[in-house]
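1. My questions are about this predicted structure, shown below with the sequence.
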Amino acid sequence: MKLKAVSFRPDNVMYDCLAVAAQKSSAVRSVVKRHWAQAKNQSLIDRTFEPMDPAEFALPSGNLATQPQQVRKLLKEYGICILTDFVDHQVALAAGSEVTGFLTNQGFLKEGKVPLGKESDRLEKPDSGDEDGYGWQYDYARYDNTGYREVQAMDKPFINIRSQKVGIEDAGKIDIFRGQKIATDFGLDNLSTCYEAVRQKSVVTFIEKLSGYREVQANLYYDGGVTTPRGPHIDNNLEQYKIFLYLTDVLDVENGPYCYVPGSHKRRDWMSKERLLNSTSDDYVLPTEVSSFPFDRYTKMFAPAGTAIISQQSGIHGAWPQAENGRRVLILGNYN
Ligand SMILES: O=C(O)CCC(=O)C(=O)O
Ligand SMILES: [Fe+2]
């Protein structure tokens, strides 16, 4: 029999067969890996992480100055510490109202939330702008607009309105960079007082010594009806801390408490399995997401306005989904 001279190339056929086999086996391998990682993580979660009573890692704020070793001990053990009465309740509430008033007056809020939905429901505003005293953008594409680092490097306050579309991650959240300058420039005196508390030398020095990272800036979060927050995640593996100061009462699930998994900062084994799940997922998933972590294992940080929370961001955390009418305002101190 005569071989077809041109189209038949035994080496090509061989290659194609091998390629199919290789592809198959890598698909099989990835399914097997996923199952293995899922099973491992589930048993780890079952054995390791139970929701706690936050009272177990709460202390009066004064202890930060008088008994810093107690605060350090809690942070080492649980990755989180609640400081009660960090700022007077009424002052914190007034600061929260100032933030809501400012965002309403500047035309970012309607009835306390960013209008979500169709393009036609949007406020009469272009996608971004530069005002006297601050810049802003509707960041509904989140990663397509002015990038996080660029925004972080600006001098001006900057208002980043997270996605306006229903169902998109963090839709309804407003992230304000350099809110302290807004407080000064727009005469929001209670907000200034709260910023001074978060950025006072003793607090900054305490956290800097703990982590070795420098205080960079403090943002403001305004959450109005964030029903689809980002899920459980870690910020990174760097043992960095953040400090959160509530400016509204967060006493029920409707208002979307900050959530944490105490002790998860010490357990790196679950994260390697989770990274495997993320990297073999069909859609792109950030390597820092902990999507397989069940919500019901979160410990919810219910606390009145004026409470501060210090947490290590390599532990599993996230926000609880708010109700449509849920509200939460907080100051967020960053160290990196
Ligand atoms: O909004 C929240 O409660 C979570 C915030 C968060 O994940 C963070 O600031 O790293
Ligand atoms: Fe985070």
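-> Done, it's in. Residues are numbered from 1 along each chain as shown. Ligands and ions are numbered 1, 2, ... in the order given.
2. So Q70 sits against P60, correct?
-> No. In this structure, Q70 is not within contact of P60 by CB atoms under 8 Å, at 10.0 Å. Where C-beta positions appear, they are placed from N, C-alpha and C, glycine not excepted.
3. now the residue of the stretch 151-300 of the chain found nearest ligand 1: how far from T227?
-> As assessed by CB to the nearest ligand atom, ligand 1 sits closest to Y258 within the stretch 151-300 of the chain, at 3.9 Å. Counting by CB to CB, to the nearest Å, the separation of Y258 from T227 is 16 Å.
4. These two: who's more crowded?
-> The residue with more neighbours, out of Y258 and T227, is Y258; 25 against 15, by other CB atoms under 10 Å.
5. Okay, the residue lying closest to that one once chain neighbours are set aside and ligand 1: tell me how far apart.
-> The shortest distance from Y258 to any non-neighbouring residue, by CB to CB, 6 or more residues apart in numbering, is to M301 (4.6 Å). Counting by CB to the nearest ligand atom, to the nearest Å, the gap from M301 to ligand 1 is 8 Å.
6. Show the pLDDT at M301.
-> Per-residue pLDDT puts M301 at 98.
7. Kindly report the same for H35.
-> 80.
8. That one: what secondary structure?
-> helix (DSSP: H, G, I helix; E, B strand; the rest coil).
9. For it, the count of nearby residues, please.
-> H35 has 10 neighbours, counted by other CB under 10 Å.
10. what residues are up against it?
-> H35 makes contact with no residue, according to CB atoms under 8 Å, 6 or more residues apart in numbering.
11. residue ranges for the strands of the stretch 51-200 of the chain, please.
-> Secondary structure of the stretch 51-200 of the chain (DSSP state E, counting those that start in this stretch): strands located at 58-60, 80-84, 128-131, 134-139, 158-162, 173-177.
12. rewinding a little: give the full set of residues in contact with the residue of the stretch 151-300 of the chain closest to ligand 1.
-> F244, V250, K300, M301, I309, S311, H317, A319, W320, L330.
13. Okay, and the beta partners of it?
-> Taking DSSP bridges as the rule, Y258 bridges to A319.
14. Could you number the chain from 756 rather than 1 from now on?
-> All set: I'll call the first residue 756, so the last point we hit is now Y1013.
15. Just want to check the distance between it and S785.
-> Y1013 is 34 Å from S785, by CB to CB.
16. Let me see the contact set for the nearest residue to Y977 once chain neighbours are set aside.
-> Counting by CB to CB, 6+ apart, Y977 lies nearest to I929, which is 4.2 Å off, once chain neighbours are set aside. For I929, the contact set (CB under 8 Å, 6+ apart) comprises L858, F863, V869, I914, N915, I916, R917, L975, Y976, Y977, D978, G979.
17. which parts of the stretch 856-1005 of the chain sit against ligand 1?
-> Proximity of the stretch 856-1005 of the chain to ligand 1 (CB under 6 Å from any ligand atom) is limited to residues Y976, D990, K997.
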